[in-house]
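Trainee: Predicted model and sequence below, questions to follow.
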Amino acid sequence: METLLELIESLVSFESVAGKSDQLEECARFVEDYFKKTDLQVTRLESNGIPSLAISFDENKHQKIWLNSHLDVVPAKSEQFHPRREGGKLFGRGTCDTKSAAGTFIYVMKELAESGKRYPVGLMLVFDEEVGGVNGTQYLFQREGYSADFVLVGEPTALAMGYQSKGVLRVRLKAEGKPGHAAYPWNGINAIDSLLSDYGRIKDRFPTPKEEVWKTTINGSIIHGGTTINQVPFEAIIDLDIRFIPDDTVEEIVKTMESVCQHTTVHVLEQWPSFSVPESHPQLQLLAESIEQVTGQKAELLREHGTTDLRHLMPKNIAGVACGPHGKDLHGDNEWVDVRSVKEYYRVVKLFIENL
(Lines give C-alpha, C1' and ligand atoms only; values in the text may rest on other atoms or scores of the structure.)
Protein backbone atom coordinates (compact mmCIF):
# COMPACT_ATOMS: atom_id res chain seq x y z
CA MET A 1 0.00 0.00 0.00
CA GLU A 2 3.03 2.29 0.07
CA THR A 3 2.45 3.11 -3.60
CA LEU A 4 -1.12 4.22 -2.89
CA LEU A 5 -0.02 6.43 0.01
CA GLU A 6 2.68 8.01 -2.16
CA LEU A 7 0.06 8.73 -4.83
CA ILE A 8 -2.16 10.45 -2.25
CA GLU A 9 0.80 12.48 -1.02
CA SER A 10 1.51 13.59 -4.57
CA LEU A 11 -2.10 14.77 -4.95
CA VAL A 12 -1.94 16.63 -1.62
CA SER A 13 1.14 18.54 -2.80
CA PHE A 14 -0.96 20.42 -5.39
CA GLU A 15 -2.42 23.65 -4.01
CA SER A 16 -5.64 22.97 -5.93
CA VAL A 17 -7.67 25.82 -4.47
CA ALA A 18 -10.43 27.69 -6.29
CA GLY A 19 -8.88 30.56 -8.25
CA LYS A 20 -5.46 28.92 -8.57
CA SER A 21 -6.03 27.78 -12.15
CA ASP A 22 -2.37 26.80 -12.66
CA GLN A 23 -2.50 24.35 -9.76
CA LEU A 24 -5.84 22.93 -10.85
CA GLU A 25 -4.38 22.43 -14.32
CA GLU A 26 -1.20 20.78 -13.03
CA CYS A 27 -3.18 18.43 -10.81
CA ALA A 28 -5.43 17.42 -13.72
CA ARG A 29 -2.41 16.86 -15.97
CA PHE A 30 -0.76 14.73 -13.28
CA VAL A 31 -3.79 12.41 -13.27
CA GLU A 32 -3.89 12.26 -17.06
CA ASP A 33 -0.22 11.27 -17.13
CA TYR A 34 -0.87 8.59 -14.48
CA PHE A 35 -3.16 6.75 -16.89
CA LYS A 36 -1.05 7.19 -20.04
CA LYS A 37 0.22 3.61 -20.17
CA THR A 38 -3.23 2.07 -19.72
CA ASP A 39 -5.94 1.51 -22.31
CA LEU A 40 -8.49 3.46 -20.27
CA GLN A 41 -10.39 6.22 -22.03
CA VAL A 42 -9.44 9.54 -20.42
CA THR A 43 -11.73 12.41 -21.39
CA ARG A 44 -10.97 15.95 -20.32
CA LEU A 45 -13.85 18.41 -20.08
CA GLU A 46 -13.98 22.05 -19.09
CA SER A 47 -16.65 24.47 -17.91
CA ASN A 48 -15.89 28.12 -17.24
CA GLY A 49 -12.19 27.31 -17.11
CA ILE A 50 -12.62 24.51 -14.53
CA PRO A 51 -11.34 21.09 -15.67
CA SER A 52 -13.00 17.72 -15.08
CA LEU A 53 -11.82 14.23 -15.97
CA ALA A 54 -13.91 11.20 -16.94
CA ILE A 55 -11.99 7.91 -17.04
CA SER A 56 -13.53 4.60 -18.10
CA PHE A 57 -12.99 1.33 -19.99
CA ASP A 58 -14.99 2.61 -22.95
CA GLU A 59 -16.33 5.90 -24.27
CA ASN A 60 -19.89 5.41 -23.02
CA LYS A 61 -21.21 8.25 -20.90
CA HIS A 62 -23.48 5.81 -19.10
CA GLN A 63 -21.74 3.43 -16.73
CA LYS A 64 -23.19 0.99 -14.25
CA ILE A 65 -21.06 2.70 -11.61
CA TRP A 66 -19.38 6.09 -11.67
CA LEU A 67 -16.84 6.70 -8.93
CA ASN A 68 -16.78 10.42 -8.17
CA SER A 69 -14.45 12.51 -6.06
CA HIS A 70 -13.08 16.03 -5.99
CA LEU A 71 -9.48 17.17 -6.11
CA ASP A 72 -10.07 20.79 -5.18
CA VAL A 73 -9.54 21.86 -1.58
CA VAL A 74 -10.17 24.88 0.62
CA PRO A 75 -7.30 27.33 1.25
CA ALA A 76 -4.65 26.34 3.78
CA LYS A 77 -1.28 27.33 5.20
CA SER A 78 1.59 26.53 2.85
CA GLU A 79 2.95 23.77 5.11
CA GLN A 80 -0.29 21.83 4.75
CA PHE A 81 0.58 21.14 1.13
CA HIS A 82 3.65 19.22 2.33
CA PRO A 83 2.07 15.98 3.60
CA ARG A 84 3.58 14.14 6.56
CA ARG A 85 2.90 10.84 8.30
CA GLU A 86 2.77 10.53 12.04
CA GLY A 87 1.20 8.03 14.43
CA GLY A 88 -0.70 6.12 11.78
CA LYS A 89 -2.11 9.30 10.28
CA LEU A 90 -1.40 11.20 7.07
CA PHE A 91 -1.59 14.96 7.62
CA GLY A 92 -2.14 17.65 4.98
CA ARG A 93 -4.79 19.68 3.22
CA GLY A 94 -7.14 17.38 1.37
CA THR A 95 -5.94 14.16 3.02
CA CYS A 96 -9.41 13.76 4.49
CA ASP A 97 -11.46 15.93 2.10
CA THR A 98 -11.04 14.20 -0.34
CA LYS A 99 -7.70 13.37 -1.94
CA SER A 100 -7.41 10.03 -0.14
CA ALA A 101 -10.70 8.89 -1.66
CA ALA A 102 -9.76 10.31 -5.06
CA GLY A 103 -6.31 8.73 -4.88
CA THR A 104 -7.86 5.38 -3.98
CA PHE A 105 -10.21 5.57 -6.96
CA ILE A 106 -7.32 6.46 -9.28
CA TYR A 107 -5.18 3.63 -7.93
CA VAL A 108 -7.98 1.06 -8.19
CA MET A 109 -8.90 2.08 -11.75
CA LYS A 110 -5.31 1.64 -12.88
CA GLU A 111 -5.03 -1.75 -11.16
CA LEU A 112 -8.25 -2.93 -12.79
CA ALA A 113 -7.03 -1.76 -16.20
CA GLU A 114 -3.73 -3.60 -15.76
CA SER A 115 -5.61 -6.81 -14.87
CA GLY A 116 -6.83 -7.04 -18.46
CA LYS A 117 -10.48 -7.35 -17.44
CA ARG A 118 -13.18 -4.86 -18.44
CA TYR A 119 -15.58 -3.39 -15.92
CA PRO A 120 -18.77 -1.30 -16.30
CA VAL A 121 -17.30 1.43 -14.15
CA GLY A 122 -15.85 4.89 -14.64
CA LEU A 123 -14.13 7.55 -12.57
CA MET A 124 -15.06 11.23 -12.44
CA LEU A 125 -12.62 13.68 -10.94
CA VAL A 126 -13.85 17.24 -10.44
CA PHE A 127 -12.18 20.43 -9.29
CA ASP A 128 -14.92 22.67 -7.92
CA GLU A 129 -16.87 20.74 -5.26
CA GLU A 130 -15.74 23.10 -2.50
CA VAL A 131 -17.32 26.06 -4.34
CA GLY A 132 -20.59 24.41 -5.32
CA GLY A 133 -19.84 21.77 -7.95
CA VAL A 134 -21.65 23.67 -10.72
CA ASN A 135 -18.76 23.36 -13.18
CA GLY A 136 -17.89 19.81 -12.15
CA THR A 137 -20.41 17.15 -11.13
CA GLN A 138 -23.45 19.23 -12.03
CA TYR A 139 -21.99 20.07 -15.43
CA LEU A 140 -21.14 16.45 -16.22
CA PHE A 141 -24.50 14.97 -15.25
CA GLN A 142 -26.85 17.79 -16.17
CA ARG A 143 -25.13 19.33 -19.19
CA GLU A 144 -22.78 16.73 -20.71
CA GLY A 145 -25.21 13.82 -20.43
CA TYR A 146 -23.26 11.49 -18.15
CA SER A 147 -25.43 8.97 -16.30
CA ALA A 148 -25.19 5.86 -14.15
CA ASP A 149 -27.12 3.20 -12.33
CA PHE A 150 -25.27 4.25 -9.19
CA VAL A 151 -22.63 6.78 -8.12
CA LEU A 152 -20.13 6.26 -5.32
CA VAL A 153 -18.95 9.66 -4.09
CA GLY A 154 -15.73 9.63 -2.11
CA GLU A 155 -16.23 11.64 1.07
CA PRO A 156 -14.86 11.16 4.62
CA THR A 157 -17.46 8.92 6.31
CA ALA A 158 -15.30 6.42 8.24
CA LEU A 159 -16.60 3.74 5.83
CA ALA A 160 -20.23 4.46 6.70
CA MET A 161 -22.62 4.90 3.78
CA GLY A 162 -24.08 8.40 3.49
CA TYR A 163 -27.44 7.53 1.98
CA GLN A 164 -29.25 10.75 2.92
CA SER A 165 -28.11 14.35 3.06
CA LYS A 166 -29.84 17.58 3.88
CA GLY A 167 -30.70 20.17 1.28
CA VAL A 168 -29.57 23.78 1.47
CA LEU A 169 -31.89 26.78 1.41
CA ARG A 170 -30.55 30.31 1.83
CA VAL A 171 -33.07 33.01 2.60
CA ARG A 172 -32.97 36.75 3.27
CA LEU A 173 -35.45 38.41 5.62
CA LYS A 174 -35.85 42.11 4.99
CA ALA A 175 -37.63 44.63 7.20
CA GLU A 176 -38.38 48.21 6.22
CA GLY A 177 -39.12 50.88 8.79
CA LYS A 178 -39.33 54.65 9.05
CA PRO A 179 -36.25 56.75 9.84
CA GLY A 180 -36.23 59.26 12.64
CA HIS A 181 -34.03 60.79 15.31
CA ALA A 182 -32.91 58.27 17.93
CA ALA A 183 -33.92 60.73 20.68
CA TYR A 184 -37.53 60.52 19.46
CA PRO A 185 -37.97 56.83 18.56
CA TRP A 186 -41.77 57.12 18.71
CA ASN A 187 -41.60 59.18 15.53
CA GLY A 188 -40.04 56.34 13.55
CA ILE A 189 -40.43 52.62 12.95
CA ASN A 190 -37.40 50.62 13.97
CA ALA A 191 -36.58 48.08 11.23
CA ILE A 192 -34.18 46.16 13.51
CA ASP A 193 -36.93 45.64 16.10
CA SER A 194 -39.26 44.41 13.36
CA LEU A 195 -36.62 42.06 11.95
CA LEU A 196 -35.71 40.54 15.31
CA SER A 197 -39.36 40.07 16.18
CA ASP A 198 -40.04 38.06 13.03
CA TYR A 199 -36.77 36.14 13.30
CA GLY A 200 -37.79 35.12 16.81
CA ARG A 201 -41.11 33.80 15.50
CA ILE A 202 -39.29 31.76 12.84
CA LYS A 203 -36.92 30.30 15.45
CA ASP A 204 -39.92 29.34 17.55
CA ARG A 205 -41.11 27.20 14.62
CA PHE A 206 -37.62 25.87 13.86
CA PRO A 207 -35.81 25.81 17.24
CA THR A 208 -32.10 25.03 17.33
CA PRO A 209 -31.64 21.48 18.68
CA LYS A 210 -29.67 20.99 21.88
CA GLU A 211 -28.02 17.91 20.35
CA GLU A 212 -27.67 16.16 17.00
CA VAL A 213 -31.09 15.25 15.57
CA TRP A 214 -32.40 14.63 12.06
CA LYS A 215 -34.49 17.81 11.72
CA THR A 216 -34.57 20.90 9.54
CA THR A 217 -32.49 23.65 11.14
CA ILE A 218 -32.18 27.39 10.62
CA ASN A 219 -29.06 29.44 11.37
CA GLY A 220 -29.00 33.24 11.29
CA SER A 221 -25.66 33.84 9.61
CA ILE A 222 -25.35 37.50 8.54
CA ILE A 223 -27.24 40.53 9.83
CA HIS A 224 -27.20 44.18 8.76
CA GLY A 225 -29.21 47.16 9.95
CA GLY A 226 -28.97 50.90 10.43
CA THR A 227 -26.52 53.46 9.12
CA THR A 228 -25.68 55.64 12.13
CA ILE A 229 -26.12 55.25 15.87
CA ASN A 230 -28.32 58.29 16.44
CA GLN A 231 -31.00 57.34 13.92
CA VAL A 232 -33.98 55.01 14.00
CA PRO A 233 -32.94 52.36 11.43
CA PHE A 234 -35.15 52.28 8.34
CA GLU A 235 -33.90 48.95 6.94
CA ALA A 236 -32.57 45.68 8.34
CA ILE A 237 -31.81 42.28 6.83
CA ILE A 238 -30.72 38.88 8.07
CA ASP A 239 -29.48 36.03 5.88
CA LEU A 240 -30.44 32.53 6.99
CA ASP A 241 -28.76 29.21 6.21
CA ILE A 242 -31.37 26.46 6.31
CA ARG A 243 -30.50 22.74 6.16
CA PHE A 244 -33.61 20.70 5.42
CA ILE A 245 -34.27 16.97 5.60
CA PRO A 246 -35.69 15.07 2.60
CA ASP A 247 -39.14 14.92 4.27
CA ASP A 248 -39.43 18.73 4.11
CA THR A 249 -39.66 20.86 0.98
CA VAL A 250 -38.51 24.35 0.11
CA GLU A 251 -42.09 25.37 -0.60
CA GLU A 252 -43.28 24.19 2.81
CA ILE A 253 -40.44 25.91 4.65
CA VAL A 254 -40.93 29.24 2.87
CA LYS A 255 -44.71 29.08 3.37
CA THR A 256 -44.23 28.50 7.11
CA MET A 257 -41.82 31.41 7.38
CA GLU A 258 -44.15 33.75 5.51
CA SER A 259 -47.06 32.71 7.72
CA VAL A 260 -45.32 33.89 10.91
CA CYS A 261 -43.59 37.01 9.55
CA GLN A 262 -45.56 40.17 10.40
CA HIS A 263 -43.07 42.84 9.36
CA THR A 264 -40.55 41.26 6.99
CA THR A 265 -40.44 39.88 3.46
CA VAL A 266 -38.89 36.50 2.64
CA HIS A 267 -36.52 36.28 -0.34
CA VAL A 268 -35.01 32.96 -1.49
CA LEU A 269 -31.35 33.51 -2.39
CA GLU A 270 -30.19 29.98 -3.22
CA GLN A 271 -31.33 26.39 -2.93
CA TRP A 272 -29.87 22.92 -3.36
CA PRO A 273 -31.97 19.75 -3.11
CA SER A 274 -31.72 17.17 -0.36
CA PHE A 275 -30.65 13.64 -1.29
CA SER A 276 -31.95 10.21 -0.39
CA VAL A 277 -31.54 6.68 -1.77
CA PRO A 278 -33.57 3.64 -0.65
CA GLU A 279 -31.76 1.35 1.77
CA SER A 280 -32.85 -1.55 -0.45
CA HIS A 281 -31.02 -0.30 -3.56
CA PRO A 282 -29.01 -3.25 -4.94
CA GLN A 283 -25.75 -1.32 -5.33
CA LEU A 284 -26.03 0.08 -1.82
CA GLN A 285 -26.51 -3.47 -0.57
CA LEU A 286 -23.49 -4.65 -2.59
CA LEU A 287 -21.36 -1.88 -1.11
CA ALA A 288 -22.57 -2.82 2.38
CA GLU A 289 -21.55 -6.44 1.77
CA SER A 290 -18.11 -5.30 0.62
CA ILE A 291 -17.64 -3.18 3.74
CA GLU A 292 -18.71 -6.03 6.01
CA GLN A 293 -16.40 -8.50 4.26
CA VAL A 294 -13.38 -6.21 4.61
CA THR A 295 -13.98 -4.86 8.12
CA GLY A 296 -15.81 -7.78 9.70
CA GLN A 297 -18.44 -5.33 10.96
CA LYS A 298 -21.92 -4.44 9.83
CA ALA A 299 -21.93 -1.46 7.45
CA GLU A 300 -23.44 1.68 8.95
CA LEU A 301 -25.92 3.99 7.28
CA LEU A 302 -25.22 7.69 7.68
CA ARG A 303 -27.47 10.73 7.46
CA GLU A 304 -25.34 13.74 6.58
CA HIS A 305 -26.21 17.21 7.85
CA GLY A 306 -23.88 18.76 5.29
CA THR A 307 -24.17 18.43 1.55
CA THR A 308 -22.10 16.73 -1.15
CA ASP A 309 -22.07 16.52 -4.92
CA LEU A 310 -24.74 13.82 -4.62
CA ARG A 311 -27.30 16.64 -4.72
CA HIS A 312 -26.49 17.18 -8.40
CA LEU A 313 -27.80 13.68 -9.18
CA MET A 314 -31.33 14.37 -7.95
CA PRO A 315 -32.63 16.10 -11.11
CA LYS A 316 -31.60 12.99 -13.09
CA ASN A 317 -32.99 10.51 -10.52
CA ILE A 318 -29.60 8.82 -10.19
CA ALA A 319 -28.94 6.86 -7.00
CA GLY A 320 -25.73 6.97 -5.02
CA VAL A 321 -24.02 7.13 -1.65
CA ALA A 322 -21.11 8.98 -0.10
CA CYS A 323 -18.44 6.75 1.41
CA GLY A 324 -14.78 7.22 2.23
CA PRO A 325 -12.02 6.62 4.79
CA HIS A 326 -11.87 7.95 8.33
CA GLY A 327 -10.32 11.32 8.98
CA LYS A 328 -10.78 14.48 11.01
CA ASP A 329 -10.32 18.26 11.04
CA LEU A 330 -11.32 18.69 7.41
CA HIS A 331 -10.89 22.36 6.46
CA GLY A 332 -8.84 22.76 9.65
CA ASP A 333 -5.16 23.34 10.35
CA ASN A 334 -4.50 19.70 11.29
CA GLU A 335 -6.48 17.80 8.69
CA TRP A 336 -5.62 14.10 8.65
CA VAL A 337 -6.72 10.72 7.37
CA ASP A 338 -6.25 7.38 9.11
CA VAL A 339 -3.79 5.25 7.11
CA ARG A 340 -5.37 1.97 8.16
CA SER A 341 -8.77 3.27 7.06
CA VAL A 342 -7.36 4.19 3.65
CA LYS A 343 -6.11 0.62 3.25
CA GLU A 344 -9.53 -0.75 4.18
CA TYR A 345 -11.23 1.67 1.82
CA TYR A 346 -9.02 0.50 -1.03
CA ARG A 347 -10.05 -3.11 -0.39
CA VAL A 348 -13.74 -2.13 -0.14
CA VAL A 349 -13.74 -0.19 -3.42
CA LYS A 350 -11.90 -2.89 -5.32
CA LEU A 351 -14.13 -5.66 -3.96
CA PHE A 352 -17.26 -3.61 -4.73
CA ILE A 353 -16.25 -3.23 -8.39
CA GLU A 354 -15.04 -6.81 -8.84
CA ASN A 355 -18.41 -8.09 -7.55
CA LEU A 356 -20.52 -6.04 -9.97
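Mentor: Sure thing, it's come through.

Trainee: ok, residue 67 touching residue 120?
Mentor: No: Residue 67 is beyond contact range of residue 120, at 11.9 Å (criterion: Cβ atoms under 8 Å). The C-beta positions use only the backbone N, C-alpha and C, and glycine is treated the same way.

Trainee: More neighbours: which of the two?
Mentor: residue 67 (27 against 16; other Cβ atoms under 10 Å).

Trainee: In contact with residue 205, which residues?
Mentor: Residues near residue 205 by Cβ atoms under 8 Å, 6 or more residues apart in numbering: 256, 257, 260.

Trainee: Try it again at 6 Å.
Mentor: residue 256 (Cβ atoms under 6 Å, 6 or more residues apart in numbering).

Trainee: what about it, distance to residue 31?
Mentor: Distance, residue 205 to residue 31, by Cβ to Cβ, to the nearest Å: 47 Å.

Trainee: what comes up buried for stretch 75-85?
Mentor: 76, 80, 81, 83 (16 or more other Cβ atoms under 10 Å).

Trainee: Between its first and last residues, how far does it reach?
Mentor: 21 Å (Cα to Cα, to the nearest Å).

Trainee: Going forward, the N-terminal residue is numbered 737.
Mentor: Renumbered: residue one is now 737, and that last one reads stretch 811-821.

Trainee: contacts for it?
Mentor: 745, 748, 749, 751, 753, 827, 828, 829.

Trainee: centre of the chain versus that stretch, how much separation?
Mentor: 21 Å (Cα atoms, centre = their mean, to the nearest Å).

Trainee: And for stretch 917-931?
Mentor: Counting by Cα atoms, centre = their mean, stretch 917-931 comes out at 42 Å from the chain centroid.

Trainee: what's in contact with it?
Mentor: Residues from elsewhere that reach stretch 917-931 (Cβ under 6 Å, 6+ apart): 911-916, 961, 966-972, 974, 999-1000.

Trainee: Filter those residues down to the ones in strands?
Mentor: Using DSSP state E, the subset of these located in strands is 911, 912, 916, 961, 967, 968, 971, 972, 974, 1000.

Trainee: for the chain, which spans come out with low pLDDT?
Mentor: Within the chain, no stretch has pLDDT under 70.

Trainee: Kindly report the domain assignment for it.
Mentor: 738-901+1011-1090, 903-1008 (automatic domain parsing).
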